[in-house]
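A.B. asks: sequence plus the predicted model coming up.
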There are 2 protein chains.
Amino acid sequence: MALVDHRGRVSYRREVETPLNVKRPELISSLVNNIRGILKESGLKKKNIVGIGIGVPGPVDSEKGIVRYFPNIKGWEGVPLKSILQARLGIKVALDNDVNAMTLGEYRFGAGRGVENLVCLTLGTGVGGGLIINGEIYRGSTMCAGEVGHIPINEKGPRCNCGGIACIERYIGNRYVLDRSKKALGKKITLERVDILAKQGNKKAKAIWEDVGRKLGIALTGVVNLLNPDLIVVGGGVSKAGELILRPLRQEIRARAMKDQAKHVKVVRARLGDNAGIIGASLLV
Amino acid sequence: MALVDHRGRVSYRREVETPLNVKRPELISSLVNNIRGILKESGLKKKNIVGIGIGVPGPVDSEKGIVRYFPNIKGWEGVPLKSILQARLGIKVALDNDVNAMTLGEYRFGAGRGVENLVCLTLGTGVGGGLIINGEIYRGSTMCAGEVGHIPINEKGPRCNCGGIACIERYIGNRYVLDRSKKALGKKITLERVDILAKQGNKKAKAIWEDVGRKLGIALTGVVNLLNPDLIVVGGGVSKAGELILRPLRQEIRARAMKDQAKHVKVVRARLGDNAGIIGASLLV
């Protein structure tokens, strides 16, 4: 949670852990209490706050402010979080999913400033994606658009968590990269350690990031040919590997995507780091 | 060429063959003469015509009315076709590529009426695609969007005409389907004949259409997860196979795409047939 001004500057930030099995009423009360706490500590009054923007980990109806469900937390089916929080806090609330919030943040104040059409990715446990089309977040017909992570890159292949087959996430989601790293570098390896080794020049570690970049580049070739975007912004934990992933990724797009589209699109790292989602959430208001 | 009224009704249609090696000045003069001929035959005057809409076989700058190039006809790089025709005919001209025109036609007067987000495909020599996003043609950052045919469906595979690898067009473009048909059904087979055999229950012929449907379904799984559209409209020659292609295509999307997206999207045949592009071109005006 943070206080963000109208230029996207974060003046106060507070991190609150969410216990894995927290129930909905307690989580909502925790939200309310923490927001009140932030106002108190910062010496601000309600009338100083334009609104509360929230990025949630799952699909939402952002027009009505209703959580549709959370894939990883039970008990949130159809919860009208916007009206619940507005009633308890007396402040205007706006809601979207966390990847759309991050996309909006990078678009307005980060790596995506000044473009019209943008694809934003987060590489983590899952591979999330958000789309800016003609200068606005594109949410799709039932608010589910942007799932770059679930583009198949093979006709046949391993089954993905989403129920699909050979989705890009099934190859480059954290745990699959970690599995491959363990085979190549030993059981005690972590992704942070793979990154350090790769930056020190370890060939096996570099090959792992290169494979992530190449595979992602294949999925993005389809996106680039389909959407002809100005820019692809890559964020999330694994993106800290930087050019070790982005270079093979760009090579793959250049080698496989159509000339006009490949020539035009730029692929860069996200710029706002952990603040992208928070800054984007403020923009929802 | 046709006369189309404001409700998308075609009242007069004339087909003009384009010789393979026709030069640009002759082709433009042929356009001008045929348009004058249509006016004469129909007894209409310039003042009765709102404008001339044209769908061209290649990328255009539709705002400026400039042809960027034609992949299959030489000598059309950067031709300001709109202003050339306006100067010679004294009638307002609007320009877009042929697949966008077809997409617009199906969207406003065909299978796509009433939806917000639509993917339109034409199956032929190539696999063309057009996108309606939030109720409007989406052209992309350099007017190249919509290339559904060049989404890769495998990491490794045959090289495509576009320079890419394992693009869906490389598997289901007419000549590749014909190659497979010849192997299965004999050298003298045609795609029309494959369709007749399949509809008569020939197992080998049915398997060919089923394979086209499944492979296209894999490429469209990525599109459905990414764009969360209301509708996919399938047109072009091969689409005449109808349910023999569409049934396995839908099965593949249902089996592989994410639940919300798969449940929402409908896949149907184009409705306007050969008139889709002409009706769509009229809408450009």
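C.D. replies: Ah, there it is.
A.B. asks: which residues sit against the helix or strand harbouring A:G130?
C.D. replies: Taking DSSP states H and E as the definition, A:G130 sits inside strand A:127-133. With contacts defined as CB atoms under 8 Å, 6 or more residues apart in numbering or on different chains, strand A:127-133 is touched by A:98-100, A:102-104, A:107, A:112, A:115-122, A:137-138, A:145-149, A:168-169, A:172-173, A:216, A:227, A:236, B:133-134, B:138, B:226. No exception for glycine: its C-beta is placed from N, CA and C like everyone else's.
A.B. asks: ok, stretch A:249-256 next?
C.D. replies: With contact meaning CB under 8 Å, 6+ apart, stretch A:249-256 is reached by A:213-214, A:216-218, A:220-221, A:224, A:234, A:262, A:265, A:267, B:152, B:163-165.
A.B. asks: and it, what's its mean pLDDT?
C.D. replies: Stretch A:249-256 shows a mean pLDDT of 98.
A.B. asks: same check, this time on stretch A:59-69
C.D. replies: Mean predicted confidence for stretch A:59-69 is 93.
A.B. asks: for stretch A:265-282, same thing?
C.D. replies: Rounded mean pLDDT across stretch A:265-282 is 95.
A.B. asks: quick one on the thing from earlier: the strand holding A:G130 versus strand B:127-133: what angle between them?
C.D. replies: 70 degrees (axes from the mean of the first three to the mean of the last three CA atoms, to 10 degrees).
A.B. asks: paired strands for the helix or strand following strand A:127-133, with orientation please.
C.D. replies: Where DSSP H and E defines the elements, the next helix or strand beyond strand A:127-133 is strand A:136-137. Strand pairing for strand A:136-137, using DSSP bridges, gives strand A:127-133 (antiparallel).
A.B. asks: which single helix of chain A contains the most residues?
C.D. replies: Longest helix in chain A by number of residues (criterion: DSSP state H): helix A:203-227.
A.B. asks: just the buried positions in the helix or strand following that one, please.
C.D. replies: Where DSSP H and E defines the elements, the next helix or strand beyond helix A:203-227 is strand A:231-235. For strand A:231-235, a neighbour-count test (16 or more other CB atoms under 10 Å in any protein chain shown) marks A:231-235 as buried.
A.B. asks: again, but for stretch A:119-128
C.D. replies: For stretch A:119-128, by 16+ other CB under 10 Å, it's A:119-124, A:126-128.
A.B. asks: cool, and stretch A:234-243?
C.D. replies: Those would be A:234-236, A:238-241, for stretch A:234-243 by 16+ other CB under 10 Å.
A.B. asks: again with stretch A:174-192
C.D. replies: By 16+ other CB under 10 Å, the buried positions in stretch A:174-192 come out as A:174, A:177, A:180-181, A:185, A:189, A:191.
A.B. asks: and these, which is closest to chain B?
C.D. replies: The closest of those to chain B turns out to be A:R180 (CB to the nearest CB; 15.1 Å).
A.B. asks: could I get the buried residues of strand A:231-235 as a markdown table with distance to chain B and pLDDT?
C.D. replies: Below are the buried residues of strand A:231-235 laid out as a markdown table (distance: CB to the nearest CB, whole Å; pLDDT from 0 to 100):
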| residue | distance to chain B | pLDDT |
| --- | --- | --- |
| A:L231 | 9 | 98 |
| A:I232 | 12 | 98 |
| A:V233 | 14 | 98 |
| A:V234 | 16 | 97 |
| A:G235 | 18 | 95 |
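A.B. asks: redo those residues as a markdown table? Include distance to B:E26.
C.D. replies: Shown next, in a markdown table, are those (distance: CB to CB, whole Å):
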| residue | distance to B:E26 |
| --- | --- |
| A:L231 | 42 |
| A:I232 | 43 |
| A:V233 | 48 |
| A:V234 | 50 |
| A:G235 | 54 |
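A.B. asks: from what I can see A:G53 touches A:I279, true?
C.D. replies: No: look at A:G53 against A:I279 with CB atoms under 8 Å: they stay out of range, at 9.3 Å.
A.B. asks: can you name the residue of the stretch 51-200 of chain A nearest chain B?
C.D. replies: Nearest to chain B in the stretch 51-200 of chain A, going by CB to the nearest CB, is A:G140, at a distance of 2.7 Å.
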